[in-house]
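Novice: any chance you can model this:
(chains A, B, C and D)
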Number of protein chains: 2
Amino acid sequence: MSKAGSSVDRVYDQVRRMAANFEFKPDERINESTLSTTLGASRTPLREALNRLVAEGFLTFQNGRGFFCRSLNPGRIIELYEARVAIECEALRLSVARGTDDEFKSVSDYLDQTEPHYENPDRAIDILEMDEGFHIKLATLSQNSELVGILRNINDRIRYVRLVDIRLLLRRQPLGKNKGAELSAHRIILNALAARDQKTAVSAMRNHIERRREEATEAVRIAYSQLYVPAD
Amino acid sequence: MSKAGSSVDRVYDQVRRMAANFEFKPDERINESTLSTTLGASRTPLREALNRLVAEGFLTFQNGRGFFCRSLNPGRIIELYEARVAIECEALRLSVARGTDDEFKSVSDYLDQTEPHYENPDRAIDILEMDEGFHIKLATLSQNSELVGILRNINDRIRYVRLVDIRLLLRRQPLGKNKGAELSAHRIILNALAARDQKTAVSAMRNHIERRREEATEAVRIAYSQLYVPAD
DNA sequence: GAATATTTTGCTGTATACAATTTTTCGATA
DNA sequence: TATCGAAAAATTGTATACAGCAAAATATTC
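Specialist: Below you'll find the predicted structure:
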């Protein structure tokens, strides 16, 4: 059950997490020697990991100049949200046909278990992870691992912006407000799915993601400014 | 206009093409020393390229055992066809809203220019490239480079199977038959797009791709057998 | 003092070496 | 003959060296 443990894999995991969290600033050049000593490995395995991350869209590469953090601009984030719509809506269509009632029940239990915690305004990260968890569980019911893989990649690349977005939402209106009253967007999607109502489920999903996408530009602006302000 | 020309990039391009064409047999282990001398580079840049290709889904990697060609099985190919539906249908929705009449005209010209060549039964590769070209042009109208990038990746990973599938179709019934008579699937999609008829366009696209997907299992079987038979 | 040329520094790109691990070979045993 | 085990061979994983290139620093010119 333990991770494999090669140097490349370890370095890969670490740099991937750093890139996802924008611990490298957008467009920042990555110094291989410095980073390799920081991570306790030599440049060879580091560069192998960096190459993987280029292919995954976390970093860019310029010949002769090395590796850079991906840039952070609204246009790209919006594209990724649109890609999410593509992937999640199609996965949902497949899930309507392929998911079992038991599986739907299991996702419902997951919502029962996690939704109460959506009140806590301090733990934006937890909320984000629960949100990602729901979407991944849903996508998994499609039984299409390619779709799930693409979704994971997208999620990781927009994670930082989503985190900022959640904090923004929490500040505007604590999410605990509508406890029990109106149904959450997630619940609406899941109910339609459980009812095998493809059209309703897909349009609810599309709506849900697009609503977040509309906030992306603002969230990117805030994210960008926060990255260049020392944490207080 | 010329390619950058670092050793990694050159090796990457070559190995990618080899992998796409299954010049490595499915699940075959890749010998780094042999391949690096074949390609005229050392193992360091080769391994960097191989790592990129793992991230792109062309190869797999096992710690301590090295790199392997991806396996070729119907399940994965079907997943990729399903992912194509997800990407291309959503791209098409966006294209309906974002494409200009001029752009639609340009794609129409492309069809005018390429469709006559669909008769030639010997040039399955040309037909495949024209087909891919059409789908990429269409996706590009969405103005979403993420979707286009994902589609390119999928196309390259299923290229070999599509090639076999086209040969299969050509053998059953020469495509030149319905010249001018009935509309090609591509033309139907494009006409609906030009009419800004989203529903018709998307359902035509879905139908078009799913029809090919249904043949995938058979095509994989043939592809598999051909890979293990010496060419005559 | 600003702009340009030149030196210096630092970093990247690739080859190579070697330890660690895996795979193969080959012989012993039942 | 098939199975297991040990030795040998081959292959991978990582560190390191160094050439070549890019960027920064310094000097030079107007």
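Novice: what about the nearest residue to A:A201 once chain neighbours are set aside, how many residues nearby?
Specialist: With Cβ to Cβ, 6 or more residues apart in numbering or on different chains as the measure, A:A192 is the residue that lies nearest to A:A201, at 3.7 Å, once sequence neighbours are left out. For the C-beta atoms, the positions are set from N, CA and C on the backbone; glycine is no exception. Residues contacting A:A192 under the criterion other Cβ atoms under 10 Å in any protein chain shown number 20.
Novice: do A:A97 as well
Specialist: For A:A97, the neighbour count with other Cβ under 10 Å is 11.
Novice: thinking again about what came up before, for the residue nearest to A:A201, give me the pLDDT.
Specialist: What the model reports as pLDDT for A:A192 is 97.
Novice: and it, which of the three is it?
Specialist: Per DSSP: H, G, I helix; E, B strand; the rest coil, the secondary structure class of A:A192 is helix.
Novice: measure it to B:L94 for me?
Specialist: A:A192 sits 24 Å away from B:L94, taking Cβ to Cβ, to the nearest Å as the criterion.
Novice: which residues does A:I150 contact?
Specialist: Contact criterion Cβ atoms under 8 Å, 6 or more residues apart in numbering or on different chains gives A:83, A:87, B:83, B:150 as the residues in contact with A:I150.
Novice: from DNA strand D, how far off is the first one?
Specialist: Taking Cβ to the nearest atom of the strand, to the nearest Å as the measure, A:A83 falls 31 Å from DNA strand D.
Novice: now that residue: phi and psi?
Specialist: Here is the backbone geometry of A:A83 (degrees, to the nearest 10): phi -70, psi -40.
Novice: now it: closest residue in space, sequence neighbours ignored.
Specialist: For A:A83, ignoring the flanking residues on the chain, the nearest one in space by Cβ to Cβ, 6+ apart is B:E146 at 4.7 Å.
Novice: kindly state the pLDDT recorded for the one you found?
Specialist: We have a pLDDT of 98 for B:E146.
Novice: so for the strand or helix carrying A:I78, what gets flagged as buried?
Specialist: For A:I78, the host element (DSSP states H and E) is helix A:74-98. By neighbour count, with 16 or more other Cβ atoms under 10 Å in any protein chain shown as the criterion, the buried positions of helix A:74-98 are A:76-96.
Novice: got the angle between the lengthiest helix in chain A and helix B:74-98?
Specialist: The helix that spans the most residues within chain A, counting by DSSP state H, is helix A:198-227. Helix A:198-227 runs at 80 degrees relative to helix B:74-98, counting by axes from the mean of the first three to the mean of the last three Cα atoms, to 10 degrees.
Novice: now helix A:198-227: average pLDDT?
Specialist: Mean per-residue pLDDT for helix A:198-227: 96.
Novice: give the contact list for the residue nearest the centre of chain A.
Specialist: Compute the mean C-alpha point of chain A, and by Cα atoms, centre = their mean the closest residue is A:N155, 2.3 Å away. Listed by Cβ under 8 Å, 6+ apart, the contact set of A:N155 reads A:84, A:132, A:135-136, A:162.
Novice: and it, helix, strand or coil?
Specialist: Assigned state for A:N155: helix (three-state reduction, three-state DSSP).
Novice: how much space between it and A:M130?
Specialist: With distances defined as Cβ to Cβ, the gap from A:N155 to A:M130 amounts to 13 Å.
Novice: cool, A:R196 as well?
Specialist: Computed as Cβ to Cβ, the A:R196 to A:M130 distance reads 25 Å.
Novice: pull out the buried positions in the longest helix of chain A.
Specialist: Of the residues in helix A:198-227, A:198, A:200-202, A:204-206, A:208-209, A:212-213, A:215-216, A:219-220, A:223-224, A:227 count as buried by neighbour count, 16+ other Cβ under 10 Å.
Novice: helices or strands next to that helix in the packing?
Specialist: helix A:74-98, helix A:145-172, helix A:185-194 (3 or more Cβ pairs under 8 Å, 6 or more residues apart in numbering or on different chains; DSSP states H and E).
Novice: would you confirm that A:T217 contacts A:N73?
Specialist: No - counting by Cβ atoms under 8 Å, no contact exists between A:T217 and A:N73, whose distance comes to 9.6 Å.
Novice: skipping its backbone neighbours, what lies nearest the residue of chain A most remote from its centre in space?
Specialist: Of all residues in chain A, A:G64 sits farthest from the chain's C-alpha centroid, using Cα atoms, centre = their mean; the distance is 31.5 Å. Distance criterion Cβ to Cβ, 6+ apart; nearest residue to A:G64, sequence neighbours excluded, is B:S6 at 7.4 Å.
Novice: is it true that the one you found touches A:Q62?
Specialist: No - using Cβ under 8 Å, B:S6 and A:Q62 do not qualify as a contacting pair, with a distance of 10.1 Å.
Novice: neighbour count: the two, which is higher?
Specialist: Neighbours per residue, other Cβ under 10 Å: of B:S6 and A:Q62, the larger number sits with B:S6, 14 against 10.
Novice: got the contact list for the more buried one?
Specialist: A:63-64, B:45.
Novice: contacts with DNA strand D among those residues, please.
Specialist: Cross-checking these against DNA strand D (Cβ under 7 Å from any atom of the strand) gives A:G64 as the overlapping residues.
Novice: for A:L50, what are its contacts?
Specialist: When the contact criterion is Cβ under 8 Å, 6+ apart, the partners of A:L50 are A:15, A:30, A:32, A:59, A:61, A:67.
Novice: take the residues you listed and keep only those in strands.
Specialist: Among the contacts of A:L50, the members found in strands (DSSP state E) are A:30, A:59, A:61, A:67.
Novice: low pLDDT regions in chain A?
Specialist: Counting by pLDDT under 70, chain A contains low-confidence ranges at A:1-5, A:119, A:121, A:174-182, A:230-232.
Novice: okay, domains of it per the record?
Specialist: Here the domain assignment for chain A is A:7-69, A:74-227, based on automatic domain parsing.
Novice: is it possible to get TSV of the ones you listed that adds distance to DNA strand C?
Specialist: Rendered in TSV, the data for the domains of chain A read as follows (distance: least, Cβ to the nearest atom of the strand, whole Å):
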stretch	distance to DNA strand C
domain A:7-69	3
domain A:74-227	21
